[in-house]
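Engineer: sequence isn't available, so here's the structure alone:
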């Protein structure tokens, strides 16, 4: 899409049409056409981003490819389509809107880049950055001589600007894209991630200086500037930076303090900051350096401490990154005509540029990193990370094309080089480097509430006495809506209202990692050495209704509360949960169900989606301790209450098996709370011992889908032993609790699901606690053939969680930790006769105690 449009053509363009009913074609008017172009770009880039998500590619890749597909390289080969949807006169309109987004995006980049952390990063990061930019720059200058001779028209630009643009294009590391890749791979706060980010920050600052130099000496492309003019541009740019750092920076610090102090005038200060972005861009454009340089420098002047930077980011980033910025990168693709790269010579130039860019960056970084004492694997990974191009690269190339330093073929070659080098970064890092904590995480200390705990001999928690004194719980939450029910549940579980039994509660707020600047900043703030860490709450923090709620509970309830945040991609969120559980030696993880009942909306249910459901399934499968899934239906009245106000009934449904014994152990703690009335209902098989009774055996079934069928443990068990453990657990529970608990046994010969659902529908209990039933009793095993809506909850938990059964109580589904409990879908086999006493191995049958 060419942007060479005369002033007369632009003067003839009208903004909006009178509508098709009055004979106007909306596509001949600027605003309707801009809307249609935006819709096409957003739709196609979103589809491509979804398709590239399994490869963990940054969103900029999808946006550039969308532009290439919409432009002359693909769909644009149809000239009628190109004239209708992307006519030449529309290019200045689209690029003006996109450039406005680019202006604010570069402001966010400056806001994200903390110069103090760059200064603190030390000599190693500086040396790596210097090698990572100097060797590729020299290689780029060398390649430029070859390109000027090999590509027709490349020698029309002056030598100096062409050499500088080529050197900058090959030496840049895209700081924003690199930060997002590191966050995705959980390397952002590891040693290698911090080194890469600091070196990229050095690289970014050097790249902007070189870009300013290139723009200053390039002119408009139609003239040959005198050296004096270029010198004046450079001196004016240096003066601009000095004034902004010495005068504007203290002013912005004052603005941030006033805004953080409150008083209701926050919108005024945010508006003033956005006006400052525009004014800075205008100033550098008037100087003769691109407007984005001024926006970037202004971003550097905004203080990174306090909440002001976060509030400005939240106001700007969604509109910029989700709407305006895709237009800019798509417009880069629209200007890229891959068809200009034709013939063996052009393809050889493409391979030469890609090879030189990769070799220069990786070799230079690798050599200096090795000299600084890094291992060979870490050094090569660092080189691959520093080879990330993307956003800043596209900006440089577009400026070079605007200044007519790069012709169409050279521009297309360099755009493809940026795509390829960015595309290969994540797969190469994942193939080469696996952090030790992820590759060799050891499960040496599995923990559960009931039964012996396989702990390290030297561990203080290995003794039963220590377990009795302290309960460590990791509670995962999605947001503020989970807080009241979770606090009420913890208050119920802790039992004694006097601090005789210590409860240590770790709160892990699970935030999905996105490509938003605020998400990356949150990930950097919430992690240390690649893991979530305990961080004291800051006054004035915006999230901090959650922190306030848990802080209040900690003071009033004599519970130690430690808040953390996990900012991860959803497909790796479970790794953070498991790592925190292992590090903090917790005995129980509580996770919220992916569906929740909306307060004040009757039976209306909000579904968080299959991604969050998958997070829960992975936690259940891989957790190093017991797990409980809370299906909240307004537990405790939907509001946080104090210890004295707790008054609700809890029913524990017991069939038998390890999970049910864990639920019974939890009930013992609950019964010690004076405001909690616990009822234990033990179901007994009314068909057992009859002549017509058939033994139930479960056999693994490869034909069944794990996502739609209940799964049961394949561990080898002794049926008699399991029944003895059940009887012992019940007897011990009754002896210990005595009159504190109401205990009843129900003999059921019919539909046990109806009996359990009736308990949940009775409204007598605020909470029903059940075991998942991975080693099921015969009664639960018979339910394996039922259609499963939520198979991860087991047959009983699924029946209580399903919305169609009219259950009013909240449900807690408990799974006891078992190191050897692989789970598989099964088929039910009825075997006539009496039950076996032998062991049933996983190679033939799934055990039914």
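Structural biologist: Perfect, thanks for sending it. On a predicted model such as this, the values are computed, not experimentally measured, just so you know.

Engineer: every contact and neighbour count from this point should use C-alpha atoms.
Structural biologist: OK.

Engineer: quick one: the residue nearest to the spatial centre of the chain from residue 522, how far?
Structural biologist: Among the residues of the chain, the one closest to the centroid is residue 513, at 2.0 Å (Cα atoms, centre = their mean). For residue 513, the distance to residue 522 equals 9 Å [Cα to Cα, to the nearest Å].

Engineer: give me the common contacts of the two.
Structural biologist: residue 567 (Cα atoms under 8 Å, 6 or more residues apart in numbering).

Engineer: residues contacting the residue nearest to the centre of the chain?
Structural biologist: 183-184, 519-520, 523, 567-570.

Engineer: need the max-distance pair from those residues.
Structural biologist: 520 and 570 (14.7 Å; Cα to Cα).

Engineer: ok, the two, which is more surrounded?
Structural biologist: A count of neighbours by other Cα atoms under 10 Å puts residue 520 above the other of residue 520 and residue 570, at 24 against 19.

Engineer: which SS class is the more buried one?
Structural biologist: The assignment at residue 520 comes out as helix when based on DSSP: H, G, I helix; E, B strand; the rest coil.

Engineer: OK, contacts around it?
Structural biologist: By Cα under 8 Å, 6+ apart, the contact set of residue 520 is 179-180, 183, 513-514.

Engineer: which of the residues you listed fall within helices?
Structural biologist: Mapping these onto helices (DSSP state H) picks out 179-180, 183.

Engineer: rewinding a little: quick check, pLDDT for the residue nearest to the centre of the chain.
Structural biologist: Note for residue 513: predicted pLDDT of 83.

Engineer: now residue 548
Structural biologist: For residue 548, the predicted pLDDT is 78.

Engineer: just give me the neighbour total for it.
Structural biologist: For residue 548, the number of neighbouring residues by other Cα under 10 Å comes to 12.

Engineer: and if you look at residue 343?
Structural biologist: 9.

Engineer: how near is it to residue 350?
Structural biologist: Distance, residue 343 to residue 350, using Cα to Cα: 11 Å.

Engineer: what segments of the stretch 701-849 of the chain are strands?
Structural biologist: For the stretch 701-849 of the chain, strands defined by DSSP state E, counting those that start in this stretch occupy the ranges 711-713, 717-718, 741-748, 767-771, 810-815, 823-832, 839-840.

Engineer: show me which helix or strand of the protein is least confident by mean pLDDT.
Structural biologist: Every helix and strand of the chain was ranked by mean pLDDT, DSSP states H and E. The lowest is strand 839-840, at a mean of 38.

Engineer: tell me the buried residues in stretch 282-293?
Structural biologist: Buried positions in stretch 282-293, judged by neighbour count with 16 or more other Cα atoms under 10 Å: 282-284, 287-293.

Engineer: now do the end-to-end distance for that stretch.
Structural biologist: Start-to-end, stretch 282-293 (Cα to Cα) is 10 Å.

Engineer: ok so, going back, which member of the buried residues of stretch 282-293 is positioned nearest residue 753?
Structural biologist: Nearest to residue 753 among the buried residues of stretch 282-293: residue 292, at 65.1 Å, using Cα to Cα.

Engineer: thinking that closest one is in contact with residue 106, fair?
Structural biologist: Yes: between residue 292 and residue 106 there is a contact under Cα atoms under 8 Å: 6.3 Å.

Engineer: contact partners for residue 678?
Structural biologist: By Cα under 8 Å, 6+ apart, the residues touching residue 678 are 649-652, 667, 670-671, 740-742.

Engineer: and for residue 85?
Structural biologist: Counted by Cα under 8 Å, 6+ apart, residue 85 has contacts 27, 33, 36-37.

Engineer: how about residue 397?
Structural biologist: Taking Cα under 8 Å, 6+ apart, we find residue 397 in contact with 165, 169, 406, 411, 414-415.

Engineer: may I see the buried residues of the helix or strand hosting it?
Structural biologist: In the assignment (DSSP states H and E), residue 397 maps to helix 391-402. With burial defined by 16+ other Cα under 10 Å, the residues of helix 391-402 counted as buried are 391-401.

Engineer: what about the helices in the stretch 151-300 of the chain?
Structural biologist: 159-171, 175-184, 191-218, 227-243, 249-260, 266-287, 291-301 (DSSP state H, counting those that start in this stretch).

Engineer: distance to residue 712 and mean pLDDT for those - can I get that in TSV?
Structural biologist: Listed next are these as TSV, based on distance: least, Cα to Cα, whole Å; pLDDT from 0 to 100:
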stretch	distance to residue 712	mean pLDDT
helix 159-171	55	87
helix 175-184	33	80
helix 191-218	41	80
helix 227-243	66	86
helix 249-260	54	90
helix 266-287	56	92
helix 291-301	55	91
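
Engineer: grab the nearest non-local neighbour of residue 129.
Structural biologist: Here the nearest residue to residue 129 in space, its sequence neighbours aside, is residue 199; by Cα to Cα, 6 or more residues apart in numbering that works out to 4.6 Å.

Engineer: give the contact list for the one you found.
Structural biologist: 125-126, 128-129.

Engineer: what sits against residue 612?
Structural biologist: 570, 594.

Engineer: could you give me the average pLDDT of the helix or strand where it lies?
Structural biologist: Assessed by DSSP H and E, residue 612 sits inside helix 610-622. On average, the pLDDT along helix 610-622 is 91.

Engineer: low-scoring pLDDT stretches of the stretch 51-200 of the chain, where are they?
Structural biologist: Where the stretch 51-200 of the chain drops to pLDDT under 70, the residues are 117-122.

Engineer: what about the helix holding residue 612, distance to the chain center?
Structural biologist: 15 Å (Cα atoms, centre = their mean, to the nearest Å).

Engineer: partner strands of the helix or strand following it, with direction?
Structural biologist: Counting by DSSP H and E, the next helix or strand C-terminal to helix 610-622 is strand 626-631. Paired neighbours of strand 626-631 in the sheet (DSSP bridges): strand 588-592 (parallel), strand 810-815 (antiparallel).

Engineer: contact partners of strand 626-631?
Structural biologist: Strand 626-631 is contacted by residues 447-449, 587-593, 595-596, 619-620, 793, 801, 810-817 when judged by Cα under 8 Å, 6+ apart.
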